[in-house]
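Trainee: Sequence first, then the predicted structure:
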Amino acid sequence: MVDVAAKAATHRIGIAGGRIEMLPATLALIESGSAKKGDVLGIARVAGIMAAKKTSDLIPLCHPLALTRVAIEFEVNHASNSWASHVHCTATVETVGPTGVEMEALAAVQVALLTIYDMCKAVDRGMTITGCRLLEKRGGKSGSFVVRA
């Protein structure tokens with residue numbers, strides 16, 4: 001691991017996003033709350049929060065962090081064609097410490113989307129997770145980073 005002992009503790013924010021594409025019928029199932037495994041987005045939200053908290057257990061050289069906030073948001077998009085319906089996930093993770101929370105935000109998005117896949121795979125094995133990336137980071141010596149649209 002990188003030694004961060006000499007770095008100042010600052011307020012750090014990491015925001016990541018990604019989406020899962022699916023059939024319109026799958027999205028309708030999610031929105032109706034009638035998936036066999038239960039409340040898809042509610043459970044995916046909890047899974048994303050858990051992933052952020054456990055990132056250092058998953059990524060070997062990642063520092064364990066005391067997170068001060070994890071927020072998982074979903075936005076559904078109904079497509080007019082037969083495939084591009086999707087759920088977009090955004091994870092915002094915060095801490096006050098000597099190292100950033102980008103990895104925690106990325107892990108949260110990936111696991112939240114994987115949870116959606118797991119809960120809906122019986123009806124749509126063709127779902128595709130795509131576009132997972134860091135959208136923004138704030139704090140620390142390197143300052144802010146924002147993805148251009």
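Mentor: Noted; the coordinates are in hand. Keep in mind that this is a model prediction, so the values were computed, not measured. Numbering: from 1, shown residues only.
Trainee: so residue 71 sits in a strand?
Mentor: Yes: assignment of residue 71 by DSSP: H, G, I helix; E, B strand; the rest coil places it within a strand.
Trainee: now it, which residues is it bridged with?
Mentor: Note on residue 71: beta-bridge partners by DSSP bridges are residue 92.
Trainee: from memory it sits against residue 91, does it?
Mentor: Yes: Residue 71 lies in contact with residue 91 (C-beta atoms under 8 Å); the separation is 7.2 Å. For every residue, glycine as well, the C-beta is placed using N, CA and C.
Trainee: more neighbours, those two?
Mentor: Between residue 71 and residue 91, counted using other C-beta atoms under 10 Å, the more crowded position is residue 91 (30 against 16).
Trainee: Could you find the closest non-adjacent residue to that one?
Mentor: Closest residue to residue 91 apart from its sequence neighbours, by C-beta to C-beta, 6 or more residues apart in numbering: residue 108 at 3.7 Å.
Trainee: what about that neighbour, how many neighbours?
Mentor: Residue 108: 32 surrounding residues under other C-beta under 10 Å.
Trainee: packing partners for the helix or strand encompassing it?
Mentor: Assigned by DSSP states H and E, residue 108 belongs to helix 102-120. The helices and strands touching helix 102-120, judged by 3 or more C-beta pairs under 8 Å, 6 or more residues apart in numbering; DSSP states H and E, are strand 10-22, helix 24-32, helix 40-53, helix 55-58, strand 67-77, strand 85-97, strand 128-138.
Trainee: From the rest of the structure, what touches the fifth one?
Mentor: For strand 67-77, contacts defined as C-beta atoms under 8 Å, 6 or more residues apart in numbering pick out 27, 30-31, 41, 44-45, 48-49, 52-53, 84-96, 101, 104, 108, 112.
Trainee: Just the buried residues of those.
Mentor: Among the contacts of strand 67-77, those classed as buried by 16 or more other C-beta atoms under 10 Å are 27, 30, 41, 44-45, 48-49, 52-53, 85-95, 101, 104, 108, 112.
Trainee: Could you tell me which ranges of this protein sit under the pLDDT cut-off?
Mentor: Residues of the chain meeting the criterion pLDDT under 70: 81-83, 148-149.
Trainee: burial of the nearest residue to residue 141 once chain neighbours are set aside, as a residue count?
Mentor: Spatially, and ignoring its direct neighbours in sequence, residue 141 is nearest to residue 7 (7.1 Å; C-beta to C-beta, 6+ apart). By other C-beta under 10 Å, 13 other residues sit near residue 7.
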